[in-house]
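Participant: I'd like to go over a predicted model; first the sequence, then the structure.
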Amino acid sequence: MAYFRSETQRPDFVKLEEEILELWDSEDTFERSVNQRKGGKKFVFIEGPPTANGLPHPGHILTRVVKDLVLRYRTMQGYYVERKAGWDTHGLPVEIEVEKNLRINTKGEIENYGIEKFNKKCKDSVFRYEKEWVNATKRVGFWIDMDSPYITFDNKYIESVWWSLKEIWKKGLLYKGHKVVPYCPRCETTLSSHEVAQGYRDVEDPSIYVKFKLKQPDTYLLAWTTTPWTLLGNIALAVHPENRYVKVRVKARTKEEDLILAESRLDVLESEYEIIEGYTGSDLADLEYERLFDFATIEGGDSQKVVTADFVTLEEGTGVVHIAPAFGEDDYGLCRDKKLGFSQPVNAEGRFTSEVPPLEGMFVKDADRPIIEMLDQRGILYKEERYSHSYPFCWRCGSPLLYYARESWFIAMKSLRDNLIANNEKINWYPAYLKHGRFGNFIDNIEDWALSRERFWGTPLNIWICANCGKEFCVGSVKELKARAKNSVSSDLHRPYIDDVVFECDDCGGEMRRVDDVIDCWYDSGAAPFAQWHYPFEKDAFERNFPADFITEAIDQTRGWFYSLLAISTTIFDTAPYLNVLSLGHILDEKGVKMSKSKGNVVDITSTLDKEGADALRWYFFTAGPLSDDVRFTEKGILEKQKKFLNTLWNSYFFFVTYAVIDEFNPNEKKIPMEKRNAMDRWIISRLNTLTKEVIDSIERFEIHVAARKMEEFVINDLSNWYIRRSRRRFWIVEADFDKDSAYITLFEVLVSLCKLLAPFVPFVTEHIYQKLVRGVSDDVLESVHLCDYPSPEESFIDTELEDSMALTSKLVEAGRRARADAGIKIRQPLKEVVVVCSDKKRKNVERLVGVLKDELNVNEVRFEDDAFVAADAYKQVEVDDDTALFLDTYLDKGLIEEGLVRDLVRRLQGMRKDLDLEYTAKIRIMYEGDAEVKEAIDRFSDYIRTETLAESIEEGKPSESGDKIYEKDWKIGKKEVHLAIKQ
RNA sequence: GGGCUCGUAGCUUAGCCUGGUUGGAGCGCUCGGCUGAUAACCGAGAGGUCUGGAGUUCAAAUCUCCGCGGGCCCA
């Protein structure tokens, strides 16, 4: 009885994968792989939650298979690896999708439509592509628990987020300030940076040089701006502290006047000038000037003075920069740092308020012209030009965006800078340069986190303020909310329900109402380490799972999720929330350009999965290069992986099964100790164990591509093209044989180990092979390769000397083939001998593998000599390396020629067998016609020919009949003509 | 505009950290060979201004600086 089932030679990998998916489903293999490790060491992973309101693209697939690889690997190593899926569900992108569908644009329109209905639509929309995500996730083999995922819009999740915000609030780190944001005055919406980036266009704007009068007669600071309307909000003028500035005397319309500007910007002056004085920027600090427009009220500090700022450049303008904190982020930050005042003469629609009577109600961009005219009339416009630059416009409606200070809530991250830096030190970054590079630089210069969003669909900001006395209160739980509420509390914590909840002020008895804002959805996902477990309302799961051992996402998350996790964890727990972070590159199209919807070059991953399958795709990603590098996506590349690697692996397995079936080989009955196996066997086992070591080392360093490439080389070169090719004949022996058993048991062991090694990388084909090789054959074994332990190297099986010997032998084989090619003698022609001239040490190494050398070079003898060897004329010499040379005896005697002829005949006969597609074990009868030399050779070697071709007889002559059972062919071998016939 | 990162044969890439034999592979191409697991394999060959330039050095793909191009983040 056969122990193995025969196998198809050309697998349909896609079908195979679908069958494996069904197997895993029906046997709960994933759940069991996790649960059987319960009680073992923990390996904690956090899923960075994707948003399911768009289809998964190739980049998502990459992160999913990398996560899967690492988690399967750790699981097989015995770790208990829980894997909770997560969904990111809040935020502006979701709202924008819904707005598009409703064909509305502005906040006003949303309010008219109804926040309740709007948020319901948002909630429905976030799982629009859930099915596609779940399918893709399963299809590529990412094992993660999608049945009980964390969802950021869940009440429990929100409650945990509220708890954390209250912790921050209690520490006094949550405060209200202003944030300058890109703002569309028409849509009345702030835009995310991603949206802003979409809308840059080159435009021409007025650029004006304005004279700010100092408190000395006829002396002015000359400033430059491309947004005249912002002059109404001017608070200060900035100069660079170290730059050179000069006072120059110029002729104005009627009189002379003095202007101050940067020395290197003097060429902006249009008239003759005379330099009066020079200063550095810091000399100018604190100079006071007269207010340009005396309209808007200024609150909260000084104004109309010169300050220094490092961001002032000398590439354009005058080196004197007009500062309006309401309209520029740098400006706002500078005024805050220098404790200057603030003025906001523009309303939410981008129109001047009643504080500016001459311009009241006018849209700011339309006010540029009247403002320039006003300045000109007052004689303080030095000159006007046009200026081309790129400026952001609203991607929806095309309005120019305004940078605009809005009230906003902040987390005081700047005050925690040292803690962030210290906690970052606890994290291993892959690649390492991110730690002190991009990420380190970012937190070195960290700014406070603008947390609030004036929007609808998000976690409501849990702060209530007393309308009467201004007292703040932050709610930290649902229980607290209910306890404080004067009215009933909805079971849904979202807007608009939460907006109706009012408290009574402890201090004055006034009515406390919630601020209108929701929070940044980056805070939601950054809270995942605890919010996914509903901490602290439920404690166990979080305490087991913090901090995480591992997270991975693409490089763009450096300032996104990687940061928000660290920021929140630092404010609340003052520790790092993850210990290892692997940053991945992006997927580019085949030209090396990023994939984007607008370019239309996004590859449809499902078609790849339907054609080449998940293993080929995974293997392509894992071998393409360092995971931290961008990778070009080409279908050709994936197909090549399937052909080269998967097919070779398959064929190695197929070869084994084919002969194991014929021989009824049973691995359970044969135990052959390593020392009794031949050198070839010990070599491949040694290589396998060396490989195991290298693979583990590489995975531990997250050098996934190194591990994968080493395995690929092993499969193709060592196993398939060397071990199996060299060992083939051992499997062909018909009768029971010790050496044959050694070969079987060795190949079997290698294949099974290899499956385990490869299982985290290509989980489908390895599972299939395991099922056929192990599960179907032996009782009492684990039901899945993914339930097995990951191999660990068996040091006693590693024989580096033997590996070196084989490497040298292989070099000698190559050299011998070169010599044959030089001499024009084909390999099929046997030769008398080859002489190897080398050191004693090498000789000893090669001697144990001399059979391999003889076989590969088709020579009858291998002889070793020292340097003194002098070759006869017939010897062809080739160099092997520095101290090794090889001499091939090219002399052919009659016997050798006959042998060669016979080899040629056998080769033709084997070809004919293949033409007939005969079973490997089918017997044949041979008839031939040829000259006397052919007959003589065949007579002499007839035993050999019959063994090789499984012939029962070999006769001279032509078959008398013809038909299906007879196959005849004329051959030309060298100069001889031979007729061959095969009878079945 | 700023920061970070990548750029090696037609394509995919090793080597770069720690400078030093004629810069290795694979795919594709040409020629020859081999072939009863393999759309495989083996040998020879063509194909490289190692993105451009400058510098450091006895010596640079490798270290430094300045460009160019791709990518990411931020303005």
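Facilitator: The structure has been received and is ready for your questions. Residues are numbered from 1 along each chain as shown, chains lettered A, B, ... in the order given.
Participant: From here on, just use CA atoms for contacts and neighbour counts.
Facilitator: OK.
Participant: quick one: A:Pro786 from RNA strand B, how far?
Facilitator: Quick fix: residue A:786 is His, not Pro. Noted for A:His786: a distance of 25 Å to RNA strand B, by C-alpha to the nearest atom of the strand, to the nearest Å.
Participant: Could you count how many residues lie near that residue?
Facilitator: Neighbourhood size, A:His786 [other C-alpha atoms under 10 Å]: 25.
Participant: ok, now which ones touch it?
Facilitator: A:His786 makes contacts with A:29, A:33, A:72, A:76, A:756, A:759-760, A:763, A:767, as judged by C-alpha atoms under 8 Å, 6 or more residues apart in numbering.
Participant: again, but for A:Gln557
Facilitator: Shown in contact with A:Gln557 (C-alpha under 8 Å, 6+ apart): A:Tyr563.
Participant: Backbone dihedrals for it, both of them.
Facilitator: The phi/psi pair for A:Gln557 (degrees, to the nearest 10) reads phi -80, psi 0.
Participant: and it, how far is that from A:Phe439?
Facilitator: The gap separating A:Gln557 from A:Phe439 is 10 Å, by C-alpha to C-alpha, to the nearest Å.
Participant: One more: A:Asn155?
Facilitator: Distance, A:Asn155 to A:Phe439, using C-alpha to C-alpha: 32 Å.
Participant: now A:Thr280
Facilitator: Going from A:Thr280 to A:Phe439 by C-alpha to C-alpha gives 35 Å.
Participant: and what of A:Asp500?
Facilitator: As for A:Asp500, its distance to A:Phe439 is 41 Å (criterion: C-alpha to C-alpha).
Participant: what's the answer for A:Thr353, then?
Facilitator: In terms of C-alpha to C-alpha, A:Thr353 sits 42 Å off from A:Phe439.
Participant: next one: A:Lys644
Facilitator: 39 Å.
Participant: The two - which one has more neighbours?
Facilitator: More crowded of A:Lys644 and A:Phe439, by other C-alpha under 10 Å: A:Phe439, with 18 against 14.
Participant: Surely the more buried one touches A:Trp561?
Facilitator: No - the criterion here is C-alpha atoms under 8 Å, and A:Phe439 misses it with A:Trp561 at 11.7 Å.
Participant: for chain A, longest strand please?
Facilitator: strand A:200-213 (DSSP state E).
Participant: Adjacent strands (with direction) for that one?
Facilitator: Looking at strand A:200-213 with DSSP bridges, its partner strands are strand A:219-225 (antiparallel), strand A:381-392 (antiparallel).
Participant: is any part of the last one close to RNA strand B?
Facilitator: If I follow you right, that is strand A:381-392. No - Strand A:381-392 stays clear of RNA strand B (C-alpha under 7 Å from any atom of the strand), getting no nearer than 7.8 Å.
Participant: Could you pull out the buried residues of the helix or strand just after that strand?
Facilitator: Of the helices and strands lying after strand A:381-392 in sequence (DSSP states H and E), the nearest is strand A:402-411. Across strand A:402-411, burial judged by 16 or more other C-alpha atoms under 10 Å covers A:402-406, A:408-411.
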